[in-house]
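*Asks:* sequence unknown, structure follows:
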């Protein structure tokens, strides 16, 4: 019967070297690595996931296994944490660019158009000076700009605007009732 033992086991037996014990390093360093990452990303659950990734990288990189493993672990942990922060920042920026305004339903569109039509009818029914005042104000003109546009005294614009709003409200309620 022929037994083929792995060459690593034979090398260890002849040279007296022991292999790298990843499990022992994991048990000893995992909590610290997770805390380091948590300080960077401010999310304990995500930090634990990233800490596991650090140990997977350690397992895949034999050069990191040795005397300086602890330093390598912390350096890798910080780098993964910073990468995660960058990833989150990019994601928020791209999500901000892709925010869609919800599309109104046909019912909402109909309601909006109906309300606009009502406002137009009421504006056509009230005195012209009141309608002009309300339309210009709805476009963002301040009192000084309203006074200049309508050839009014700037001190009386506030009173005229209140009268225009009252006339609009009265006509709207007369036509469509309280809403």
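*Replies:* Here it is on my side, so go on. What you are looking at is a predicted structure, and each value in this text was computed from that prediction instead of being measured. Numbering: from 1, shown residues only.
*Asks:* buried ones in the helix ranked longest in the chain?
*Replies:* Ranked by number of residues, the top helix in the chain under DSSP state H is helix 69-97. Residues of helix 69-97 classed as buried under the neighbour-count rule (16 or more other Cβ atoms under 10 Å) are 72-74, 76-78, 80-81, 84. C-beta: built from backbone N, CA, C; applies to glycine.
*Asks:* stretch 38-47 too?
*Replies:* Within stretch 38-47, the residues scored as buried using 16+ other Cβ under 10 Å are 38, 40-41, 47.
*Asks:* let me have those residues in CSV, extended by pLDDT, secondary structure and distance to residue 163.
*Replies:* Listed next are the buried residues of stretch 38-47 as CSV, based on pLDDT from 0 to 100; DSSP: H, G, I helix; E, B strand; the rest coil; distance: Cβ to Cβ, whole Å:
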residue, pLDDT, secondary structure, distance to residue 163
38, 94, helix, 63
40, 91, helix, 62
41, 93, helix, 59
47, 95, helix, 64
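*Asks:* which residue lies nearest the spatial centre of this protein?
*Replies:* By Cα atoms, centre = their mean, the chain has its centre lying nearest to residue 92, at 4.5 Å.
*Asks:* look up how far residue 79 lies from that residue.
*Replies:* Computed as Cβ to Cβ, to the nearest Å, the residue 92 to residue 79 distance reads 21 Å.
*Asks:* one more: residue 179?
*Replies:* Going from residue 179 to residue 79 by Cβ to Cβ gives 60 Å.
*Asks:* what's the answer for residue 88, then?
*Replies:* To residue 79, residue 88 is 15 Å away according to Cβ to Cβ.
*Asks:* give the buried residues for stretch 24-37.
*Replies:* Residues of stretch 24-37 classed as buried: 25-26, 29-30, 33-34, 36-37 (neighbour count, 16+ other Cβ under 10 Å).
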